[in-house]
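Participant: I would like the atomic coordinates for the input below:
(one chain, ligands or ions: 2)
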Amino acid sequence: MNVLFPALRDGSPAPALRFGDRALSHRQLAAVAGPLAERIAELAPGGRAPLAIWATPTPETAVGVVAALLAGVPAVPVNPRIGERELAHIVADSAPALVLAAADTELPGPLAALPRLAPAATAPGEDTPPGPLPVEPGDESAALIVYTSGTTGPPKGVVLPRRALAHTLDALADAWQWTADDVLVHALPLFHVHGLILGVLGPLRRGGSVHHLGSFSTEAVARELSADGTMLFGVPTMYHRLALAAGEDPALAKALARARLLVSGSAALPLTDHERLTAATGRRVIERYGMTETLMNTSVRADGPDATGTVGVPLPGVYVRLVDDAGRAVEASDGETVGEIQVRGPNLFTEYLNRPDATAAAFDGGWFRTGDMAVRDPAGNYRIVGRKATDLIKSGGYKIGAGEIENALLAHPGVAEAAVTGERDADLGERIVAWIVPETGPGAAPAPSAQELTDHVARQLAPHKRPRTVHFLTALPRNDMGKVLKRDLRPAQPPAGAPDA
Ligand code: MCA
Ligand code: AMP
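Facilitator: Residues are numbered from 1 along each chain as shown. Ligands and ions are numbered 1, 2, ... in the order given. Take a look at the predicted model:
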């Protein structure tokens, strides 16, 4: 199974990637990624150290990741909007041997100091024969290291083996009848599982193609699905915006109705949005459920019965169970008995990089504890009802740890105490709310404004981790042990809303 992309080796002239007006066939992709893979292997021999890739939504990122996979060097995709504090952590933790970035990119300090290669994404002529591609490494070797937030501390590097990528993409092909004829449309970022593994490596493994929109807009989705797009991937925030727009825009509704498959994931799609989309288009959106550590676990099947409001059934080869508070497996399939979802199977990660403690804590025997709470209905579909940790926030489909934002806020000189919570939001699912006790007393700096704190987090971490609302308090509610009682947080005055994007 160790060839990840058979169509590259076959020299298929079929389209593979399109970003705006830049496109590559599988054959052209092989012709540009092959030589890059050789240079990568020289700079990072044996794949012992990973490489970092500046993961802009461009064909250079796709070429770079494919070349790294061909070379057998694990790739760490980096958010091009990453902040200083988060980048310093990722570079120190993963110790990349080199960085891949498009030729004209100005890289921030820790990456600028590394040896650098620039993926070329200019299509060679179709008659340029691709050179021989390297022999790919074994299934268990690391393919990607994707950073994901936990409840506390800095993000952890999730080491994903090639076996997990191949398994998850083939299982999704089975569930969705995903073939080389499909043209996938999406606008997801390329530094997470959804956009990169499912959204770029998925079409490449099938021998099909992806049209990446660069950035999300309902107009661009309508355009691509009215042309030759057959599948759309998105997070619930995107489907929420599509649902609202489709009600007013018959051309968008028609384009969505034409697609073979509309797939939502990364967070729960509320029933109201399912209903709005169905009312406007006559179509149902399929939900699938996954995690950076597990890749994909369950999905509503394209060839199965309607299971709207659930995340469907386990994918082929994946074992899923529910476990109650006492650690016993929940046998009931009554749609009511809640348990934590635990999973095992070839889709799982290998470990958290440099974190054997966290890796051990994440498993219950061979089962990975997801922290997601769910019920199973009589048809075997899972419905997610909540999350064990209140300190994990899903905003716009991004997982964000409250602790990471609190630490960034506490690093601001005007902040004495900080707590971060998630609040329901129709567009983002949850919005990040910061509760701040400003530094007072002699010599204290003037209290920071909500905007200043918002910009501070966006700079230190990344813009999607910025608080959308900031409340100022004189003290945080705490229990006798000094622990913040987040459920008791109430605004002291009308919220000073951080001006939003
Ligand atoms: C605003 N901006 C700022 C600031 N305020 N920049 C710096 N400092 C500030 N203070 C800028 C942003 O950079 C951005 O610029 C613009 O304002 C809007 O940003 P934002 O508000 O974050 O965007 P949005 O409109 O809310 O984006 C919604 C979105 C986005 C497009 C849905 O959240 C998104 O792409 N989500 C996808 C998340 C995802 O892929 N998750 C998968 C994780 P500009 O306008 O230039 O962009 S993998 C996973 O979960 C598992 C495996 C799974 O199951 O899939
Ligand atoms: P991440 O760590 O960013 O990979 O996010 C994984 C988390 O996203 C899961 O643990 C779930 O909480 C959530 N998630 C992913 N897909 C879905 C879905 N279809 N419905 C509800 N939650 C989801």
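
Participant: correct me, but residue 447 touches residue 414?
Facilitator: Yes: between residue 447 and residue 414 a contact is recorded at 5.8 Å, counting by CB atoms under 8 Å. For the C-beta atoms, the positions are set from N, CA and C on the backbone; glycine is no exception.

Participant: who touches both of those two?
Facilitator: Each of 438-439 lies in contact with both residue 447 and residue 414 under the rule CB atoms under 8 Å, 6 or more residues apart in numbering.

Participant: Give me the buried positions along the biggest helix by length in the chain.
Facilitator: Looking across the chain with DSSP state H, the single longest helix is helix 26-43. Neighbour counts over helix 26-43 (16 or more other CB atoms under 10 Å) mark 26-34, 36-37, 40-41, 43 as buried.

Participant: same check, this time on stretch 168-175
Facilitator: Here stretch 168-175 shows 168-173, 175 as buried, counting by 16+ other CB under 10 Å.

Participant: Quick one: residues in contact with that stretch.
Facilitator: Stretch 168-175 is contacted by residues 178-179, 197-198, 201-202, 205-206, 288, 290, 295-296, 299, 301-302, 312, 315-318, 347 when judged by CB under 8 Å, 6+ apart.

Participant: The residues you listed, buried ones only, as a PyMOL selection?
Facilitator: In PyMOL, a selection of the buried entries from the contacts of stretch 168-175 looks like this (16+ other CB under 10 Å):
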select buried, resi 178+197+198+201+202+205+206+288+290+295+296+299+301+312+315+318+347
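
Participant: Return the subset of the contacts of stretch 168-175 lying in helices.
Facilitator: Mapping those onto helices (DSSP H) picks out 202, 205-206.

Participant: can you pull the pLDDT of the residue located most distally from the centre of the chain?
Facilitator: Going by CA atoms, centre = their mean, the residue of the chain most distant from its centre is residue 442, 44.7 Å out. pLDDT for residue 442: 84.

Participant: Next: residue 422.
Facilitator: 97.

Participant: That one belongs to a helix?
Facilitator: No: going by DSSP: H, G, I helix; E, B strand; the rest coil, the assignment for residue 422 is strand, not a helix.

Participant: Show me what it is bridged to.
Facilitator: Here residue 422 sits in beta bridges with residue 432, going by DSSP bridges.

Participant: Neighbours of it, how many?
Facilitator: Look at residue 422: counted by other CB atoms under 10 Å, it has 21 neighbours.

Participant: Tell me which residues touch it, please.
Facilitator: Neighbouring residues of residue 422 by CB under 8 Å, 6+ apart: 390, 393-395, 402, 430-433.

Participant: And residue 434, by the same measure?
Facilitator: Residues near residue 434 by CB under 8 Å, 6+ apart: 405, 409, 418-420, 453, 457, 467, 469-471.

Participant: Just the C-alphas of the strand or helix carrying it, formatted as CSV.
Facilitator: If you go by DSSP states H and E, residue 434 is part of strand 429-438. The C-alpha trace of strand 429-438 is given here as CSV (Å, rounded to 0.1, in the frame of the first residue of the first chain):
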residue,chain,number,x,y,z
GLY,A,429,-20.5,27.9,16.1
GLU,A,430,-18.7,29.2,19.1
ARG,A,431,-17.1,32.6,19.6
ILE,A,432,-14.1,33.2,21.8
VAL,A,433,-14.9,35.4,24.8
ALA,A,434,-12.1,36.8,27.0
TRP,A,435,-12.7,37.8,30.7
ILE,A,436,-10.0,40.2,31.8
VAL,A,437,-9.0,41.7,35.2
PRO,A,438,-6.7,44.6,34.3
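
Participant: hmm, it in reach of ligand 1?
Facilitator: No: on the criterion CB under 6 Å from any ligand atom, strand 429-438 is out of touch with ligand 1, staying 9.4 Å away.

Participant: Following the chain onward from that strand, which element is next?
Facilitator: Next along the chain after strand 429-438, taking DSSP H and E as the criterion, comes helix 450-460.

Participant: Which strands or helices does that following helix pack on?
Facilitator: helix 84-94, helix 402-410, strand 429-438, strand 469-472 (3 or more CB pairs under 8 Å, 6 or more residues apart in numbering; DSSP states H and E).

Participant: measure the residue in the stretch 101-250 of the chain positioned nearest to ligand 2 to residue 286 for me?
Facilitator: Of all residues in the stretch 101-250 of the chain, residue 148 sits closest to ligand 2, at 4.5 Å by CB to the nearest ligand atom. Remark: distance between residue 148 and residue 286 (CB to CB, to the nearest Å) = 24 Å.
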